[in-house]
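[1] Next come a sequence and a model predicted from it.
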Amino acid sequence: MFPLALLNPSAPAVDPASLTLVLLHFDTDYTDSSQTAAVWSNADSGGSISATSKFGAGSLATLGTGGIYTQNATVRTPLGSDNWTIEGWFNKTAIGNDINGLFMLQDDGGSTYKQPITLYIENGILYAAVRFDASTRTTISHQTTIVAGEFTHYALVRNGATITLYLNGVAGTTTINSGALSLYPSFFTYCFISLARKVEDSTTTYLDGLHDEFRYRREAVYTTNFTPPTAPFTF
């Protein structure tokens, strides 16, 4: 007789760190603490490290100009229809009649661009836009107005067929029903932080404020309302 454990072996445990594609603390620089160790560079006029932070010693300050980006091959792995989470903390300097880019995946289309995922703030409201094909782009917003001068947690999560936008752990009242659709285009060239275009080929906008504790994971970290993290991410 064989032991039951040998007849029915369990699947090996997944190392949670292997699911994290980007992990930035911004304590002193743009060091990526994830498995990819992606190199991040200044975009446009770039950013700087501010001593004001949610956790740790610093945060990314862009103050309305510049941002950072990577072209790391692992970070640019197509998401397809997999689950994923994009999250972090931002502190917006002021709330006004403006648009502030927060995050963007973008292909390099020459004279035209396609953005699989975009996060931006407009007039104090957080928006997320997702594209599934060449002609259809779906945008949702969160119902809560952002408060200036304080760190706010945000998360955009794909869990199966549903994409949800969270602000300080509270789900938005509208979601995106993605079904089994894959993101379009499947390949993208750049991953930007604190920089985005509201619509493809429109003016580039930047976060007027601070960005701290950014994480990008191939996993639905949150599936319902939650308490925002109380410490820096470890993986």
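    Happy to help now that I have it. Predicted model, so just to flag it, every value in this text is computed and none were measured. Numbering: from 1, shown residues only.
[2] Name the nearest residue to the residue most central in space within the chain, ignoring sequence neighbours.
    When CA atoms, centre = their mean is applied to the chain, the residue found nearest the centroid is Ile86 (3.2 Å). Once flanking residues are discounted, Ile86 sits nearest to Leu156: 4.7 Å by CB to CB, 6 or more residues apart in numbering. In short, each C-beta sits where N, CA and C put it, glycine included.
[3] Now do the contacts for the spatially closest residue to Leu181 that is not a sequence neighbour.
    Nearest residue to Leu181, sequence neighbours excluded (CB to CB, 6+ apart): Phe132, at 4.4 Å. Neighbouring residues of Phe132 by CB atoms under 8 Å, 6 or more residues apart in numbering: 138, 178, 181-184.
[4] Pull the residues that contact the helix or strand containing Gly101.
    Take DSSP states H and E as the rule and Gly101 turns out to sit in strand 99-106. Around strand 99-106, the neighbours that count as contacts under CB under 8 Å, 6+ apart are 64, 67, 86, 88, 90, 92, 113-122, 126, 154, 188-198, 204-209, 211.
[5] Looking at those, which are in strands?
    Among the contacts of strand 99-106, the members falling in strands (DSSP state E) are 67, 86, 88, 90, 92, 117-122, 126, 154, 190-193, 195-197, 204-206, 209, 211.
[6] Narrow these to just the buried residues.
    67, 86, 88, 90, 92, 117-121, 126, 154, 190-193, 195-197, 205-206, 209, 211 (16 or more other CB atoms under 10 Å).
[7] What separation do you get for Arg217 and Asp108?
    Counting by CB to CB, to the nearest Å, the gap from Arg217 to Asp108 is 24 Å.
[8] Beta-bridge partners for the residue nearest to the centre of the chain, please?
    Bridge pairing for Ile86 (DSSP bridges) gives the partners Leu156, Tyr216.
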